[in-house]
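give me the fold of what follows.
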Amino acid sequence: VRERLQTVTVVTPPRSPQDPDFPLGFFSNSAAQEISIPVQSKKFFSDYLILRTWFERHGCDPTALASYLAIVLTRRPEARSLGNPLKAFGLSEGKALLDPNVDKISLGYLNSGIKFILAHEMGHIYYGDGVSNTLESSIAREERADAFAMDILAAAHVRPYGAVPLFSATRFNDPSLEHAPFGTHPLSQSRLKAIARRLR
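Predicted coordinates for the structure are as follows:
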């Protein structure tokens, strides 16, 4: 594994070159041996985790957050006016992180979530995944990259609990769990169940 991945680089462009308007545009390029973690995507993920944790700590109804994610990740026209998660709910990062539990929990989610994303994208590079022609083969590649990530993180003694809020958010890009109309990481019932089994 190390030999095959030793030339992989991680780049952090301001936005996803593949899809500049998508807020969770993490991806890999097997041919270039490159993983892209756009600044915009990491910031969106961080803001979402802070807001999600703040909601949980303050007993807020999660329906509002789910509605926001559905609007933004399905690219409805009003998405642009909403802005990033914290802005959309009128909460500043500084205020939210004054609660030490929000700070600690959201940072834990972020760190483990980014590790899962990196390991997942490394899986795509390890297996030489390119553009898939069918939904079935695309889902199979995602499941294989998920398993690769779980194996790597287990070997490193990292608990990838950040994958839970990641999938909770990305499911809105594919609410029927049949096909992500814009994304490159389609979800499926079998994929989510496999992740849940590994997390247990």
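
quick one: distance of the lowest-mean-pLDDT helix or strand in the chain to the chain centre.
Within the chain, confidence by mean pLDDT, DSSP states H and E is lowest for helix 189-199 among all helices and strands, at a mean of 82. Counting by CA atoms, centre = their mean, to the nearest Å, helix 189-199 is centred 15 Å from the centre of its parent chain.

so what does that helix touch, helix or strand wise?
Counting contacts by 3 or more CB pairs under 8 Å, 6 or more residues apart in numbering; DSSP states H and E, helix 189-199 packs against helix 135-155, helix 163-170. In short, each C-beta sits where N, CA and C put it, glycine included.

nearest spatial neighbour of residue 65, skipping sequence neighbours?
residue 55 (5.8 Å; CB to CB, 6 or more residues apart in numbering).

next, count neighbours for that neighbour.
By the criterion of other CB atoms under 10 Å, residue 55 has 17 neighbours.

who's in contact with it?
Going by CB atoms under 8 Å, 6 or more residues apart in numbering, residue 55 touches 61-62, 65.

helix/strand/coil for it?
Residue 55 carries the three-state label helix when classified by DSSP: H, G, I helix; E, B strand; the rest coil.

offset the numbering so it begins at 31, please.
New numbering, starting at 31: the last item is residue 85.

do you know how far it is from residue 105?
23 Å (CB to CB, to the nearest Å).

do residue 77 as well
Counting by CB to CB, the gap from residue 77 to residue 105 is 18 Å.

got the contact list for the least confident helix or strand of the chain?
169, 172-173, 176-177, 180, 190-191, 193-194, 197, 201, 207.

of these, grab the buried ones for PyMOL.
PyMOL command restricting these to the buried ones, with burial defined by 16 or more other CB atoms under 10 Å:
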select buried, resi 169+172+173+176+177+180+190+193+194+197+201
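
quick one, strands of the chain?
Using DSSP state E, the strands of the chain run over 39-41, 57-59, 64-66.

please work out which of those is packed deepest.
strand 57-59 (a mean of 22; mean count of other CB atoms under 10 Å).

that strand packs against which elements?
strand 64-66, helix 130-156.

strands paired with it, and their directions?
With DSSP bridges as the test, strand 57-59 is paired with strand 64-66 (antiparallel).

centre of the chain to the partner strand, how far?
With CA atoms, centre = their mean, you get 14 Å for strand 64-66.

now it: average pLDDT?
The pLDDT scores in strand 64-66 average 97.
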